[in-house]
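# below is the sequence, then the predicted model.
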Amino acid sequence: QQQVKQSPQSLIVQKGGISIINCAYENTAFDYFPWYQQFPGKGPALLIAIRPDVSEKKEGRFTISFNKSAKQFSLHIMDSQPGDSATYFCAASSYNNDMRFGAGTRLTVKP
Amino acid sequence: EAQVTQNPRYLITVTGKKLTVTCSQNMNHEYMSWYRQDPGLGLRQIYYSMNVEVTDKGDVPEGYKVSRKEKRNFPLILESPSPNQTSLYFCASSFAAAPVGGANVLTFGAGSRLTVL
């Protein structure tokens, strides 16, 4: 059973639009929530991450929103570009750095 | 260049023929892990290691073995591969703990695509 649930499985957005990917977790021991980006033929790479002591983190066009009470977090990509087309994984880990990943979202940004 | 190196990148084998996928990192990381990636299931952890001679099962360890005799190497062993182990495999590594106030980045290899006939 997946410890981190991610939705949607796939997402198509027009260029300039907002992409939103959602994740939920059950294990309250998780204290680190990264998002990884994977391009075809490559391994995943860290995009942005948040710890539960803040509700939002922004880096350029990418923002993580975190709701500790609901045990949910989401990735927002503003002004989505064709170059953002990739698979995105949310993840969570606890004190021992043991990372668990969501099922992934394949994002397609149409020109 | 800091990296995680996996070999082979592509492999086609037959049921029951033992194989090893090697993983090596040059960043002096304590933590190493193996994942398999399957469509619709994302990245599922097979085994992980917090340090030399310390390994533990992930979510899908059946049919796999690992060893961690040296800090830099973490091979994945399939003693008797079966078709349901056809998948894309990733090795990853990181420090055991995040720096104060910083992020602990998991660095992935490029992946090994395994097909078991």
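Received the coordinates, thanks.
# give me the low-pLDDT residue ranges for chain B?
B:97-103 (pLDDT under 70).
# show me what residue of it gets nearest to chain A.
The nearest approach of chain B to chain A comes at residue B:108, 3.2 Å away (Cβ to the nearest Cβ). The C-beta positions use only the backbone N, C-alpha and C, and glycine is treated the same way.
# that residue: what's it in contact with?
Residues near residue B:108 by Cβ atoms under 8 Å, 6 or more residues apart in numbering or on different chains: A:43-45, B:4, B:90-92.
# count the residues that sit near the closest residue to it other than its chain neighbours.
Distances taken as Cβ to Cβ, 6 or more residues apart in numbering or on different chains put residue A:43 closest to residue B:108, at 3.2 Å, once the chain neighbours are dropped. Using other Cβ atoms under 10 Å in any protein chain shown, residue A:43 is surrounded by 22 other residues.
# ditto for residue B:35
Using other Cβ under 10 Å, the number of residues around residue B:35 comes to 27.
# who does it form a beta bridge with?
Counting by DSSP bridges, residue B:35 is bridged to residue B:45, residue B:90.
# next: residue A:92.
Residue A:92 has these beta-bridge partners by DSSP bridges: residue A:100.
# need the pLDDT of it.
pLDDT, residue A:92: 91.
# for chain A, what are the low-confidence residue spans?
For chain A, applying pLDDT under 70 flags the ranges A:1, A:95-97.
# need the residues of it near chain B, please.
Proximity of chain A to chain B (Cβ under 8 Å from any Cβ of the partner chain) is limited to residues A:2-3, A:6, A:9, A:32, A:34, A:36, A:41-46, A:49, A:89, A:93, A:96-104.
# turn the buried ones among those residues into a named PyMOL selection, would you?
The following PyMOL line selects those of the residues of chain A next to chain B that are buried, judged by 16 or more other Cβ atoms under 10 Å in any protein chain shown:
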select buried, chain A and resi 6+32+34+36+43+44+46+49+89+93+97+98+99+100+101+102+103+104
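# please name the residues that touch the closest residue to chain B within chain A.
Chain B sits closest to residue A:43 of chain A, with a gap of 3.2 Å, by Cβ to the nearest Cβ. Residues counted as contacts of residue A:43 (Cβ under 8 Å, 6+ apart) are B:4, B:90, B:92, B:108-111.
# and if we set it to 7 Å?
Neighbour list for residue A:43: B:90, B:108-111 [criterion: Cβ atoms under 7 Å, 6 or more residues apart in numbering or on different chains].
# in strands only, show me the residues you listed.
Using DSSP state E, the subset of the contacts of residue A:43 located in strands is B:90, B:108.
# neighbouring contacts of stretch B:109-117?
Stretch B:109-117 has contacts (Cβ under 7 Å, 6+ apart) with A:42-43, B:4-6, B:8-15, B:21, B:23, B:81-83, B:85-91.
# just the buried ones from those?
A:43, B:4, B:6, B:13, B:21, B:23, B:81, B:85-87, B:89-91.
# so which residue is smack in the middle of chain B?
residue B:34 (2.5 Å; Cα atoms, centre = their mean).
# state the distance from the residue nearest to that one when sequence neighbours are not counted to residue A:81.
Excluding its sequence neighbours, the residue lying closest to residue B:34 (Cβ to Cβ, 6+ apart) is residue B:46, at 4.3 Å. Between residue B:46 and residue A:81 the distance, using Cβ to Cβ, to the nearest Å, works out to 34 Å.
# give me the phi and psi for the residue nearest to residue B:80 when sequence neighbours are not counted.
Leaving aside its sequence neighbours, residue B:80 sits nearest to residue B:16 (Cβ to Cβ, 6+ apart; 5.0 Å). When quoted as degrees, to the nearest 10, the phi and psi of residue B:16 stand at phi 90, psi -10.
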